[in-house]
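Peer 1: Sequence and predicted structure, then a few things I'm wondering about:
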Amino acid sequence: MHIKEAIAADLSIPDSLIEEAISVARAHVKIFHIKKRSGGTREIFHPSKKLKTIQYWLIYSVFSHMSVHEASMAYRDGISILHNARKHRSSRFFLKMDLKDFFPSISYNDFIPILRRWHDQTKPEWVLDKDAENLIKTVCFYKNDCLAIGYPSSPIISNIVMSDFDFKVSALIADEKYGKVIYTRYADDLVLSTDKKGACSHLKVELGELIKSTMSPKITVNDDKTKLGSSTGGSASVTGLKVCANGHITIYKKQKDHIRLLLSLYSKGALNPEEEKSLVGHLSYCHYVAPEFYTKVSKKYFKEIYDLRAKDL
């Protein structure tokens, strides 16, 4: 069976609709630009509804059955930034490295050998011929045949392609010469933590060399975001969460103050509808990642939080 026939059968639509969606796949992509906090803009690619439908079929019928490394913490069901931070809560010393232009650094050529091996091993009903490979390339990759920010399929493909790199990092720290090292990767955010003082400086060098020697995908380090830190006598940051010396995880004071300010303004009727939606989002976030703080502000602003929930924003 051809993959187009498998998609059409599962979605209960004619083959011709699949053909049509593929033929205009890259022509019907909208491009947006959003400002980056570090300056400049980031391109966001929004595929058509038909293209997204095919991507979702590939995600659930193909990509979700391909393996990813356990160190990969992003874009996985039931795993969040809180789970990522918890992995490091017992460590004292931290190395954080950020990868430049993460999605665009992953190409179709990085992915297709992995897909071929998976297909040979699992032998699904559909045939992985040149036509099927071209469908996946056209549907899931865009500019320069690389992953596009905004495509639903990009996150899971990135985890699949980065799996080999994750295994190499795990092998690098396996002998515990740097102490008991914990490694996680949240998309382009690499975090290594250990209980051994001075080890992170050596890890930085070795990990940098590993990244330089990695040819597929061709990833590079954002040196401006590479940081060494310690929770000794203070706290460390892991994917935006504050990991305290005692292992407690919470949000930063600046975020807490902002939430308190928004609640105070809401109590005085000084927030517009968009700001109210923003406040609801902040409250939901801290309810999940910082429940102790949420409980504390709930005691003071019980009525305001109740009213916000009742509005169903």
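Peer 2: Sure, I can see it. Computed from a predicted structure; not experimentally measured. Numbers count the residues shown, from 1 in each chain.
Peer 1: which of the residues in stretch 47-54 are buried?
Peer 2: Of the residues in stretch 47-54, 47, 50-54 count as buried by neighbour count, 16 or more other Cβ atoms under 10 Å. No exception for glycine: its C-beta is placed from N, CA and C like everyone else's.
Peer 1: Using PDB, list the CA coordinates for that stretch.
Peer 2: Taking C-alpha atoms only, stretch 47-54 is exported to PDB below (Å, rounded to 0.1, in the frame of the first residue of the first chain):
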ATOM      1  CA  PRO A  47       0.700  25.500   7.200                       C
ATOM      2  CA  SER A  48      -2.700  25.100   5.600                       C
ATOM      3  CA  LYS A  49      -5.400  23.000   7.400                       C
ATOM      4  CA  LYS A  50      -5.000  20.200   4.800                       C
ATOM      5  CA  LEU A  51      -1.200  20.100   5.300                       C
ATOM      6  CA  LYS A  52      -1.600  20.100   9.100                       C
ATOM      7  CA  THR A  53      -4.100  17.200   8.800                       C
ATOM      8  CA  ILE A  54      -1.500  15.100   6.900                       C
END
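Peer 1: contact partners of it?
Peer 2: 7, 11, 17-18, 20-22, 24-25, 28-29, 55, 139, 150-152 (Cβ atoms under 8 Å, 6 or more residues apart in numbering).
Peer 1: Stretch 28-38 now?
Peer 2: Residues contacting stretch 28-38 (Cβ under 8 Å, 6+ apart): 41-48, 50-51, 142, 148, 150, 224.
Peer 1: Switch the residues you listed over to CSV; also include distance to His282 and pLDDT.
Peer 2: Shown next, in CSV, are the contacts of stretch 28-38 (distance: Cβ to Cβ, whole Å; pLDDT from 0 to 100):
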residue, distance to His282, pLDDT
Thr41, 25, 85
Arg42, 23, 87
Glu43, 27, 91
Ile44, 23, 94
Phe45, 28, 95
His46, 26, 94
Pro47, 30, 93
Ser48, 33, 91
Lys50, 35, 90
Leu51, 33, 93
Tyr142, 33, 95
Ala148, 29, 96
Gly150, 24, 96
Asp224, 27, 90
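Peer 1: Can you flag which of these belong to strands?
Peer 2: 41-46 (DSSP state E).
Peer 1: residue ranges with poor pLDDT in the stretch 151-300 of the chain?
Peer 2: Applying pLDDT under 70 to the stretch 151-300 of the chain picks out residues 233-234.
Peer 1: which residues of it fall in helices?
Peer 2: Counting by DSSP state H, counting those that start in this stretch, the stretch 151-300 of the chain has these helices, from start to end: 154-161, 163-172, 199-213, 253-267, 273-289, 291-300.
Peer 1: Ser90: which of the ones you listed is closest?
Peer 2: helix 199-213 (14.8 Å; Cβ to Cβ).
Peer 1: Only the buried residues of that closest one, if you could.
Peer 2: 199-200, 203-204, 207, 211.
Peer 1: Distance from that helix to the middle of the chain?
Peer 2: Centroid separation for helix 199-213 versus its chain: 22 Å, with Cα atoms, centre = their mean, to the nearest Å.
Peer 1: List of residues touching it?
Peer 2: Counting by Cβ under 8 Å, 6+ apart, 93-95, 97, 99, 165, 168-169, 172-173, 178-179, 181, 190, 192, 194, 219-221, 226, 228 sit against helix 199-213.
Peer 1: With stretch 257-266 instead?
Peer 2: 271, 275-276, 278-279, 282-283, 286, 297, 300-301, 304-305, 308.
Peer 1: Next: stretch 177-185.
Peer 2: Under Cβ under 8 Å, 6+ apart, the answer for stretch 177-185 is 69, 71-74, 84, 87-88, 91, 162, 166, 169-170, 173, 190-196, 199-200, 202-203.
Peer 1: coming back round to it: just the buried residues of the contacts of stretch 47-54.
Peer 2: Members of the contacts of stretch 47-54 classed as buried by 16+ other Cβ under 10 Å are 7, 17-18, 21-22, 25, 29, 55, 139, 150-151.
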